[in-house]
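S.K.: Need coordinates for the following:
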Amino acid sequence: MDPTKLTTIISLLVALSVASERLVDIIKGLVPWLNQQRPKSVEEGWRKAALQLLAVGAGITTAWLASPVVPDFIPHDFIGKLALGLLASGGSGFWNSILTYVTKAKDIKAAEAESKQIEARVKRPTPSKSRG
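M.R.: Below is the predicted model of the structure:
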């Protein structure tokens, strides 16, 4: 895959993740049960499960709302939005670290290409001047 497209996809996922995290935070602020840890482990398990479902729902909603700015090479059908939403619900911290990795890999490839160009210029024979 083209590194530029990959960077675009991951940048989109970072933005969607941040937006869906904000949506989850807003909903958590409106529903105290979601915002406070529970002392009983069973209740805490249900709260965490509810937060995960909320994150998935927020990710899908955010992906649907962002569809006008999604690049054309990403599917715009229901499955494409569902996939973006599920990926976005993974969290912006995760996608931000992936974006950093991909950007560094892209920089390394660019540096290698530049190095090869320099080597090719150095190895090029220089025309000799003939004396007459």
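
S.K.: Quick one: mean pLDDT over the strand or helix carrying residue 34.
M.R.: Assigned by DSSP states H and E, residue 34 belongs to helix 32-35. Averaging pLDDT along helix 32-35 yields 87.

S.K.: Give me the next element, helix or strand, following that helix.
M.R.: In the C-terminal direction, the helix or strand that comes right after helix 32-35 (DSSP H and E) is helix 41-65.

S.K.: what comes up buried for the lengthiest helix in the chain?
M.R.: The residue-count maximum for a helix in the chain (DSSP state H) belongs to helix 92-123. With burial defined by 16 or more other CB atoms under 10 Å, the residues of helix 92-123 counted as buried are 92, 95, 96, 98, 99, 102. (Glycine included, C-beta is placed from N, CA and C.)

S.K.: In which helix or strand does residue 7 reside?
M.R.: With DSSP H and E as criterion, residue 7 is part of helix 3-30.

S.K.: relative to helix 41-65, how tilted is that helix?
M.R.: Comparing the axes of helix 3-30 and helix 41-65 via axes from the mean of the first three to the mean of the last three CA atoms, to 10 degrees yields an angle of 130 degrees.

S.K.: For helix 3-30, name the packing helices and strands.
M.R.: Helix 3-30 sits against helix 32-35, helix 41-65, helix 78-88, helix 92-123, with contacts defined as 3 or more CB pairs under 8 Å, 6 or more residues apart in numbering; DSSP states H and E.

S.K.: And the pLDDT at residue 86?
M.R.: Looking at residue 86, its pLDDT is 89.
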